[in-house]
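In: Dropping a prediction and its sequence here:
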Amino acid sequence: MIGTDQETELVDWRKTTVDGTTVYELEYSAPVSEPTGRPRTLFGATSGGTVPAAEQSVRLPDGERIPATDVTFEAEGTTLRIRLEDPSLLTRIWRALPWWTRG
């Protein structure tokens, strides 16, 4: 689960809509910061290998997995807000044409 570690636990969460955008508010047992990198415990494969950017994902508290490129983070004290952003046109094309590789 995003944001949890050996010293910080997820206490509560809720899913809301703000200005038509889905927002997850996650409350933790200790102050949190916005994810800055993409450690394998937060995104993609757990086998230790690198994961192509197009395949990286975030697992949310309700079990939903979304592409990491479609979210933004905002941390305030013990609260982490995750906003689901509309994917760009280029991102939607990459997903529609998986056989087309980036040059």
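Out: Cool, got the structure.

In: Can you tell me, leaving aside adjacent residues, what's nearest to residue 62?
Out: residue 15 (6.7 Å; CB to CB, 6 or more residues apart in numbering). No exception for glycine: its C-beta is placed from N, CA and C like everyone else's.

In: shouldn't the one you found be in contact with residue 24?
Out: Yes. The pair residue 15 / residue 24 is scored as a contact, 5.5 Å apart, by CB atoms under 8 Å.

In: Residue 25: neighbour count?
Out: Using other CB atoms under 10 Å, residue 25 has 16 other residues around it.

In: what do you get for residue 19?
Out: Residues near residue 19, counting by other CB under 10 Å: 6.

In: confidence score at it?
Out: At residue 19, the model reports a pLDDT of 86.

In: ditto for the one 10 residues further on
Out: Per-residue confidence for residue 29 comes out at a pLDDT of 91.

In: pLDDT weak spots in this structure?
Out: Flagging of the chain using pLDDT under 70 yields the residue ranges 1-6, 36-54, 87-103.

In: that older thread, counting neighbours, go ahead and name the busier of residue 15 and residue 24.
Out: residue 24 (21 against 14).

In: For that one, list each beta-bridge partner.
Out: Residue 24 forms beta bridges with residue 15, residue 82, as assigned by DSSP bridges.

In: That one: what's it in contact with?
Out: Counting by CB atoms under 8 Å, 6 or more residues apart in numbering, residue 24 touches 13-15, 60-61, 81-82, 84.

In: among those, who's most crowded?
Out: Ranked by neighbours (other CB under 10 Å), the contacts of residue 24 are led by residue 82, which has 23 neighbours.
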